[in-house]
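J.: Output the structure for:
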Amino acid sequence: MPNERKTENLVRKRLVSQGYHKDEQLVIEEQKSDSPRIDKLLKNASKKGNKDGHPEFIITSKAAPDFLIVIECKADTTNHISKTLTKYAEYAVDGVLLYASFLSKEFDVLAIAVSGETEATLRISHYVHLRGAVQAVELPATDILSFGTYYDKFLHSDIKFRQDYDALLDYSRALNEELQAKRIKEAHRGLLICGILVALENAAFRKSFRFQRTAKHLANNLVESIVNEFKSADLPADRITSLEAAFAFIKQNTTLTKDKPFFVGLIEQIDSHVNTFIRTHKYHDALGQFYVHFLRYANNDKGLGIVLTPPHIGELFADLAEVNKQSVVYDNCCGTAGLLIGAMKRMLDDVGLDADTEMAIKKRQLIGVEFQDDIYALAVSNMVVHGDGKTNVLPGDCFELSPTISVKYKPNVGLLNPPYKTKGSTFEELDFVLNNLEALQASGKCIAILPFSCAIGNDAKTLERKHALLEKHTLEAVMSMPVDLFHDSDVGVVTCVMVITAHRPHPSGKKTWFGYWRDDGFIKTKHRGRIDLNGTWKNIETKWLSAYRSREIIRGMSVMAEVGAGDEWCAEAYMETDYSDLSHGDFERELKKYVAFRILNEGQ
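T.: Numbering: from 1, shown residues only. You can find the predicted model right below:
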């Protein structure tokens, strides 16, 4: 006869082997919790629906009080999981997910289902149910791991990132309203947040900011701490002087210099909401994302004119360029440095635990140029906050600096999202691409996101630049991107991504690969912008990259074609439309997207 006690003993054995009982921070309870919060949530959570719920194990940590583990056991492996997930009393997965659904009202929950009476037959499944989420998400783990491993994997999981990122955007909206009420200018708000983050890197400032005698003293100390951090980053004296001038408004703003409780509270909030996010989700351009969403709710929605590359596209850039620890990456119009930060993440992932190589990457292998003074201040600060050992983000004109970049740094990867042409623009978008290519080493890879008009335009200026590109470089691939990709920056331009090999003239007869990448799975939502609502991006990215790397020709997705300067550089020009594959499922899927959009964007 099945004996559930045997299963529980196997779980206890694993908990002991993973050090749970030796960790003084952990509390392991069985059947019932002494925590009033947990006990309250498990009321009416029984598997039969009429009384308290009693999981086999409840594990909490004093160090992480909002995260808990709940374990449910069944003796027979045939009772591991049902098809409907609604047989709570009979199946391990069904039961533990029920408990998690109640506990997730106040906790982030790791739900573990265990079945089997012997080591040979034991079956273990893991699910994460985030606080406030509608449902749990399964994790790929088949044995019980240490609490530290669980917590680390949880903190750095995609689902945790989405939760934290959504919370960050919610905070940006609330903070913008507060700063609006305090009459702090839109163009100053991003710099203020940025400066506070840099100052918090200074140990002395972090300890003393609450105890400054007056708000004016605090403002002066904040700017002084920002300057000291820039000096620690070995920035040249002239750049430090320029950056100090960019943050000088902090010492002159009436609200900041006269309202100490507000100023101190603002610093504490930014440390809690923004700095915590940056430290948890390393090498993600949180500041840039925060800033763009910040501007979306400002009265002047143009702000400093930033058109930010969405973070998932920045990651895609690094993968297309095959960025690794040997890469020297150059962005000649770097904005808030988001593409450089994304590249840094890929490079450091490749390094592993080699501290010397990591420092070399931060000191010499990430180069940026930014023309606008205020945005330059954001870029440098962003790199400093992300632990850049010596910031090689240079102020100035990339067209003047290109020879210096090429000789001094020798970049072999170019990543860019150039300024988009306006009526008064001197340069075309393709001019920035050609400029980036000139600075790269021979056979270096350049990845650029551009208005679609750069790929299909046939006016004299566009044709001239397309001809110049093919004459000196190789057009490897062009991908048509989602129509509303830059929705969050309030820019309606349709874009494409070009992949180009530097200083290798485009061979006669060579075919270029064209991808139709119009659907990245992101959905537009009110207040939060375009988000990966259904968690489909990773699978889509994998599919895209696989097709690109193998130069696959896939009906409805990709095609190869020989092109010249006068041709259209896009998949749409060469793919044949095929309606035979359209099905009821396609219609249903699009209808669901529309319904989701309506629900998320109406009545809020």
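J.: CA atoms for contacts and neighbours, from now on please.
T.: Fine.
J.: Report the buried residues of the longest helix belonging to the chain.
T.: Ordering each helix of the chain by length in residues (DSSP state H) puts helix 158-181 first. For helix 158-181, burial by neighbour count (16 or more other C-alpha atoms under 10 Å) applies to 159-161, 164-166, 168-173, 175-176, 179-180.
J.: Verify the assumption that G509 is located in a strand.
T.: No - assigned with DSSP: H, G, I helix; E, B strand; the rest coil, G509 falls outside any strand and is coil.
J.: Tell me who's in contact with it.
T.: G509 sits next to E562 when contact means C-alpha atoms under 8 Å, 6 or more residues apart in numbering.
J.: and it, backbone torsions?
T.: phi 90, psi -10 (degrees, to the nearest 10).
J.: show me where the stretch 301-450 of the chain has strands.
T.: Along the stretch 301-450 of the chain, the segments classed as strands by DSSP state E, counting those that start in this stretch run 329-331, 366-370, 392-395, 413-416, 445-451.
J.: Looking at those strands, which is nearest to L243?
T.: Counting by C-alpha to C-alpha, L243 lies closest to strand 392-395 out of those; the figure is 10.2 Å.
J.: Just the mean pLDDT for that closest one, thanks.
T.: Strand 392-395 shows a mean pLDDT of 93 in the predicted model.
J.: List the neighbouring strands of it plus their orientation.
T.: Its sheet considered, strand 392-395 pairs with strand 366-370 (parallel) by DSSP bridges.
J.: What are the boundaries of the strands in the stretch 101-250 of the chain?
T.: 108-115, 123-129, 137-139.
J.: could I get these as a markdown table with mean neighbour count, distance to V384 and mean pLDDT?
T.: Output for the strands of the stretch 101-250 of the chain, formatted as a markdown table (neighbours: other C-alpha atoms under 10 Å; distance: least, C-alpha to C-alpha, whole Å; pLDDT from 0 to 100):
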| stretch | mean neighbour count | distance to V384 | mean pLDDT |
| --- | --- | --- | --- |
| strand 108-115 | 27 | 31 | 95 |
| strand 123-129 | 22 | 33 | 94 |
| strand 137-139 | 14 | 34 | 86 |
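J.: pLDDT-wise, which helix or strand of the protein ranks last?
T.: Counting by mean pLDDT, DSSP states H and E, the weakest-scoring helix or strand in the chain turns out to be helix 584-601, with a mean of 58.
J.: Just the local confidence number for L582, please.
T.: At L582, the model reports a pLDDT of 59.
J.: for the stretch 201-350 of the chain, which spans come out with low pLDDT?
T.: Applying pLDDT under 70 to the stretch 201-350 of the chain flags residues 286-306.
J.: between the strands of the stretch 301-450 of the chain, which gets nearest to T536?
T.: Across the strands of the stretch 301-450 of the chain, T536 has its closest neighbour in strand 445-451 (21.9 Å, C-alpha to C-alpha).
J.: right, and the helix or strand after the closest one?
T.: Downstream of strand 445-451, the next assigned helix or strand under DSSP states H and E is helix 453-456.
J.: Dump that following helix to CSV, keeping only the CA atoms.
T.: The C-alpha trace of helix 453-456 is given here as CSV (Å, rounded to 0.1, in the frame of the first residue of the first chain):
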residue,chain,number,x,y,z
SER,A,453,13.4,54.0,-45.7
CYS,A,454,17.2,53.4,-45.6
ALA,A,455,16.6,49.9,-47.0
ILE,A,456,14.0,50.7,-49.6
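J.: in the stretch 351-500 of the chain, which segments are predicted with low confidence?
T.: Low-confidence segments of the stretch 351-500 of the chain (pLDDT under 70): 389, 424, 490.
J.: show me where it has helices.
T.: Using DSSP state H, counting those that start in this stretch, the helices of the stretch 351-500 of the chain run over 355-364, 373-385, 398-409, 429-439, 453-456, 460-472.
J.: Please work out which of the strands of the stretch 301-450 of the chain is packed deepest.
T.: Mean neighbour count, computed with mean count of other C-alpha atoms under 10 Å, is highest for strand 329-331 among these, reaching a mean of 31.
J.: Would you list the strands that that one pairs with, along with their directions?
T.: If you go by DSSP bridges, strand 329-331 pairs up with strand 366-370 (parallel), strand 413-416 (parallel).
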